[in-house]
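**Q** Let's see this in three dimensions:
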Amino acid sequence: MSATLEVESTLTDRYQTTVPETVRRALRLSKRDKIHYIIRPNGEVVLTRAEDSEAADPVLGQFLNFLARDIANHPERLQAVDAGLVQRLNALVGDIEVDLDAPLSADDE
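**A** Have a look, this model is predicted:
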């Protein structure tokens, strides 16, 4: 079971907000990127990184949207990753170090 992160931001008088750093990192957002919103009938809003319409693969986009809807509608279908796959992935990338808590450089913000 994975941990869920929750963050908040505040609306200004002009209904603007700053996207929290945690969300920017999770969505790999850079300056001038676009954000895509999905508003569900129950009032839940899903925020994702909008793909560049020129570079986006429409089939892949539709497939990913299908997966997102299926996960949201049937979370009981999610399964844990087995130890064998984890070992294979570690063999491929085990020597690569990433500090997810390191601040972004000015070029990355």
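
**Q** so how far is Val86 from Ala80?
**A** 10 Å (Cβ to Cβ, to the nearest Å). Placement of C-beta: from N, CA and C, glycine included.

**Q** Tell me how many other residues crowd Ile38.
**A** 13 (other Cβ atoms under 10 Å).

**Q** Now the nearest residue to it once chain neighbours are set aside: which helix or strand?
**A** In this structure, Ile38 finds its nearest non-sequential neighbour in Val46, 4.2 Å apart by Cβ to Cβ, 6 or more residues apart in numbering. If you go by DSSP states H and E, Val46 is part of strand 45-49.

**Q** Neighbouring strands of that strand in the sheet, and parallel or not?
**A** strand 35-39 (antiparallel) (DSSP bridges).

**Q** Pro20 contacts Thr10, correct?
**A** No: Pro20 is not in contact with Thr10 according to Cβ atoms under 8 Å; the separation is 10.4 Å.

**Q** So for these two, which sits in the more crowded spot?
**A** Pro20 (13 against 7).

**Q** got the phi/psi numbers for that one?
**A** phi -60, psi 150 (degrees, to the nearest 10).

**Q** Just the helices from the protein, written as ranges.
**A** Per DSSP state H, the chain carries helices over the ranges 21-27, 58-73, 83-93.

**Q** quick one, which of these is nearest to Ser105?
**A** helix 21-27 (12.5 Å; Cβ to Cβ).
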